[in-house]
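Engineer: okay, structure incoming, though there's no sequence with it:
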């Protein structure tokens with residue numbers, strides 16, 4: 001039989017003689033006290049902040065914390081005599097007494113979200129009563145600019161989600177529709193990164209023109225007072241950014257051809273009161289914060305004058321021991337720094353006329369093609385957190401004169417870096433593969449001041465030297481096996497989680513860096529130095545390092561100065577006898593991390609680079625530039641191991657034999673460790689299938705990057721122990737999606 005359902009009976013209270021149900025009996029009998037207006041305002045602020053903090057806005061800590069520990073204070077904790085302590089204390093007070101400053105104010109008046117608690121409430125709306133947005137908030141709401149400007153639906157999004165939605169809008173709509181809708185959308189619609197992405201998507205690969213910063217209104221000559229503003233030239237700094245002006249200039253140039261319509265006027269922002277957003281303020285803060293003098297005072301990298309360095313001393317004490325070295329005056333006599341061929345802005349513009357260069361950024365969606373003049377204009381007006389960095393590997397082919405300005409002089413002033421020849425095993429062993437077959441190895445580096453490169457390890461286990469030509473560079477090194485604060489590499493090293501900009505690292509992790517200076521183990525302490533034009537810095541393989549362009553001491557043109565706000569440097573990576581064993585092991589076991597040859601058809605493919613390199617070293621008498629002779633490489637290696645090499649040049653064969661023996665014994669540099677999967681599947685046998693070993697390594701490579709980022713920083717020595725978590729995704733570097741940006 002089918003019985004009707006039993007009606008629901010609410011539970012009864014267990015009190016004696018009570019007939020009330022339990023939910024009703026549990027309610028308080030007293031009415032909730034009415035909150036004061038100030039308390040209600042605080043409650044609304046807390047509720048709005050919690051609602052907007054989902055993806056990095058509001059009071060969730062997305063704004064980098066300001067450093068509270070000065071490096072002078074760190075030295076006082078380490079001891080010292082009383083006089084030095086008093087002097088350091090006075091210096092620290094002078095540096096920090098005025099608080100933490102910025103170079104310029106936010107061009108649109110945005111403030112950190114925490115300032116909303118101290119801001120005076122806005123005046124009531126005309127007529128009083130609730131707002132026009134549905135009456136949900138009173139007229140005196142402290143965040144009224146945002147609430148009124150976005151309406152009842154869009155204001156539910158936090159500011160990062162709002163910017164993500166605006167990233168799908170084209171330039172004309174962004175300027176003519178979004179930015180004119182309300183005061184808050186005026187600030188959001190002029191976010192510098194939005195205009196950068198719009199311009200790069202439209203003209204990034206084809207190239208675009210960057211108007212000079214001093215050409216304030218782009219008017220024809222004879223335009224009265226506006227034309228006189230052209231005299232400022234490149235020296236005038238535009239603190240409002242430049243990407244909207246770039247878009248407007250090129251949009252007019254490409255769409256209004258032959259028209260009598262005047263060019264667009266340069267955008268001049270006006271500040272908006274009442275805009276509180278960590279998202280808008282963060283990128284501005286990371287670009288405009290003021291560097292304290294004490295941050296640049298430490299000089300712990302070994303330093304020698306050029307006259308004190310000999311080839312034997314350099315190879316024995318620094319290259320073999322894998323220690324950085326700053327050589328003062330090593331490049332002061334190069335034509336690039338002295339005489340009529342000195343690399344001034346005018347000289348570089350003349351030599352590179354008609355040539356384009358590729359600039360990239362870790363934050364930009366696409367690379368950009370610049371002429372050198374346009375890039376100088378960009379450097380003079382850029383206010384981005386992570387500006388586009390010109391890192392050109394083909395400058396020698398585009399402008400051979402630039403190569404002539406330093407290559408021959410390098411062999412004379414730094415003979416230990418002479419590239420060698422086929423009669424003796426010298427410097428730059430990758431040269432046996434030929435210019436077309438070898439990985440990329442030399443770059444022309446140009447960037448705006450306050451730009452640079454975040455922490456990285458140089459590619460392919462190579463050494464490097466770096467020579468500033470215009471502007472100074474601040475370097476921070478961490479020894480192999482010691483991970484810098486804020487850097488979280490995966491166990492295999494395929495992926496790295498770190499701040500995307502140098503400014504964010506300084507603001508967030510400077511205190512932790514100061515603590516590392518007093519590590520009980522002196523071998524784990526960071527090293528720092530400032531390299532000036534005329535100096536050459538040796539960067540050994542396996543060292544984490546970061547570079548910040550800080551400009552010149554005197555701000556003029558003497559000593560490599562420049563009035564356009566750019567930094568220019570040269571760098572070259574190389575393989576020598578000191579790191580050959582680690583390079584061979586790297587090419588065998590880290591195929592997914594090999595860089596510099598993936599996007600060039602004439603280069604040796606990464607999976608064949610180890611075998612071709614060994615074959616070329618054993619066949620130096622042949623023309624290695626053609627890449628031939630790789631088919632009998634295994635037989636040649638066996639003869640080398642048995643001491644029966646058929647070539648007349650036994651120096652190269654003996655060098656390879658010793659390097660192979662050291663490579664089989666393990667890594668000589670602590671920057672890399674062998675995971676259990678790589679040891680069992682690949683080891684150092686060049687004849688194995690590197691591609692299958694690469695796949696096996698990726699399938700068993702430890703925990704994810706996000707999980708490791710939430711843990712305290714660990715060193716590379718401990719990375720191989722963390723292999724019990726879920727498998728990570730395959731390396732993005734193998735497909736060309738990820739690569740170190742290296743100097």
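Structural biologist: On my side now, so go ahead. This is a predicted model, so every value here is computed, not measured.

Engineer: beta partners of the nearest residue to residue 474 once chain neighbours are set aside?
Structural biologist: Leaving out its chain neighbours, the residue that sits closest to residue 474 by C-beta to C-beta, 6 or more residues apart in numbering is residue 548, at 4.3 Å. (Glycine included, C-beta is placed from N, CA and C.) Beta-bridge partners for residue 548, by DSSP bridges, are residue 452, residue 474.

Engineer: what's the burial count for residue 548?
Structural biologist: By the criterion of other C-beta atoms under 10 Å, residue 548 has 24 neighbours.

Engineer: list the contacts for it?
Structural biologist: Contact analysis of residue 548 by C-beta atoms under 8 Å, 6 or more residues apart in numbering lists 450-452, 473-474, 502.

Engineer: same thing but at 7 Å, please
Structural biologist: Going by C-beta atoms under 7 Å, 6 or more residues apart in numbering, residue 548 touches 452, 473-474, 502.

Engineer: nearest residue to residue 205 in space, please, no chain neighbours.
Structural biologist: Spatial nearest neighbour of residue 205, excluding adjacent residues (C-beta to C-beta, 6+ apart): residue 369 at 6.3 Å.

Engineer: distance check, the residue nearest to residue 474 against residue 567.
Structural biologist: As judged by C-beta to C-beta, to the nearest Å, residue 548 and residue 567 stand 10 Å apart.

Engineer: same question, residue 511
Structural biologist: Residue 511 is 27 Å from residue 567, where distance means C-beta to C-beta.

Engineer: out of these two, which sits in the more crowded spot?
Structural biologist: Neighbour comparison, residue 511 and residue 567: the larger count goes to residue 567, with 29 against 17 (by other C-beta under 10 Å).

Engineer: so the more buried one sits in a strand?
Structural biologist: Yes: assignment of residue 567 by DSSP: H, G, I helix; E, B strand; the rest coil places it within a strand.

Engineer: quick one: it and residue 389, what's the gap?
Structural biologist: 10 Å.

Engineer: and stretch 372-381, average pLDDT?
Structural biologist: In this model, stretch 372-381 carries a mean pLDDT of 90.

Engineer: what residues does that stretch touch?
Structural biologist: Residues contacting stretch 372-381 (C-beta under 7 Å, 6+ apart): 209-213, 234, 237-238, 242, 345, 348-349, 352, 357, 359, 370, 390, 446, 448, 564-566.

Engineer: among these, which ones are in helices?
Structural biologist: Under the assignment DSSP state H, the contacts of stretch 372-381 contribute 345, 348-349 to helices.

Engineer: overlap in contacts of residue 567 and residue 389?
Structural biologist: Listed as contacting both residue 567 and residue 389 by C-beta under 7 Å, 6+ apart are residue 447.

Engineer: restricted to buried residues, select the contacts of stretch 372-381 in ChimeraX.
Structural biologist: What follows is the ChimeraX syntax selecting those of the contacts of stretch 372-381 that are buried according to 16 or more other C-beta atoms under 10 Å:
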select :210,211,212,213,234,237,238,242,345,348,352,357,359,370,390,446,448,564,565,566
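
Engineer: count the neighbours of the closest residue to residue 543 other than its chain neighbours for me.
Structural biologist: Closest residue in space to residue 543, ignoring its immediate chain neighbours: residue 477 at 5.2 Å, by C-beta to C-beta, 6+ apart. Burial of residue 477 is recorded as 23 neighbouring residues (other C-beta under 10 Å).

Engineer: with the one 10 residues further on instead?
Structural biologist: Residue 487 is surrounded by 20 other residues when neighbours are defined as other C-beta under 10 Å.

Engineer: cool, the one 4 residues further on as well?
Structural biologist: Other residues near residue 491 number 25, with proximity taken as other C-beta under 10 Å.

Engineer: please enumerate the strands of the stretch 351-500 of the chain.
Structural biologist: Listed in chain order, the strands of the stretch 351-500 of the chain (DSSP state E, counting those that start in this stretch) span 356-360, 368-371, 389-392, 442-448, 452-456, 463-470, 472-478, 488-489, 496-497.

Engineer: of all those strands, which one comes closest to residue 44?
Structural biologist: strand 496-497 (35.8 Å; C-beta to C-beta).

Engineer: local confidence estimate at residue 658?
Structural biologist: Looking at residue 658, its pLDDT stands at 87.

Engineer: buried residues, the one helix or strand residue 514 maps to. List them.
Structural biologist: In this assignment (DSSP states H and E), residue 514 forms part of helix 502-516. Residues of helix 502-516 classed as buried by neighbour count (16+ other C-beta under 10 Å): 502-511, 513-514, 516.

Engineer: next SSE after that helix?
Structural biologist: Counting by DSSP H and E, the element that comes right after helix 502-516 along the chain is strand 527-531.

Engineer: which residue packs closest to residue 475, ignoring adjacent ones?
Structural biologist: Excluding its sequence neighbours, the residue lying closest to residue 475 (C-beta to C-beta, 6+ apart) is residue 529, at 5.3 Å.

Engineer: would you mind measuring from the one you found to residue 327?
Structural biologist: 11 Å.

Engineer: cool, residue 406 as well?
Structural biologist: According to C-beta to C-beta, residue 406 stands 15 Å off from residue 327.

Engineer: neighbour count: these two, which is higher?
Structural biologist: Taking neighbours as other C-beta under 10 Å, residue 406 and residue 327 compare with residue 327 leading, 25 against 20.

Engineer: ok, and what's touching the strand or helix carrying the more buried one?
Structural biologist: Assessed by DSSP H and E, residue 327 sits inside strand 325-328. Strand 325-328 is contacted by residues 301-306, 309, 318, 529, 531, 535-538 when judged by C-beta under 7 Å, 6+ apart.

Engineer: now with 8 Å, please.
Structural biologist: With contacts defined as C-beta under 8 Å, 6+ apart, strand 325-328 is touched by 301-306, 309, 314, 318, 414, 529, 531, 534-538.

Engineer: circling back: from residue 204, how far out is the residue nearest to residue 205?
Structural biologist: Noted for residue 369: a distance of 7 Å to residue 204, by C-beta to C-beta.

Engineer: helices or strands up against the helix holding residue 514?
Structural biologist: Judged by 3 or more C-beta pairs under 8 Å, 6 or more residues apart in numbering; DSSP states H and E, the packing partners of helix 502-516 are helix 71-77, helix 278-288, strand 452-456, strand 544-551.

Engineer: rounded mean pLDDT for the last one, please.
Structural biologist: When you say that, I think you mean strand 544-551. 92.

Engineer: would you mind getting the angle between it and strand 472-478?
Structural biologist: Angle of strand 544-551 versus strand 472-478, following axes from the mean of the first three to the mean of the last three C-alpha atoms, to 10 degrees, is 160 degrees.

Engineer: one more: the second one?
Structural biologist: Helix 278-288 and strand 472-478 are oriented at 110 degrees to each other (the same axes, to 10 degrees).

Engineer: again with the third one
Structural biologist: Taking the same axes, to 10 degrees, one finds that strand 452-456 is oriented at 10 degrees with respect to strand 472-478.

Engineer: state the mean pLDDT of strand 452-456.
Structural biologist: 92.

Engineer: report all helices and strands that it contacts.
Structural biologist: Strand 452-456 sits against strand 472-478, helix 502-516, strand 544-551, with contacts defined as 3+ C-beta pairs under 8 Å, 6+ apart.
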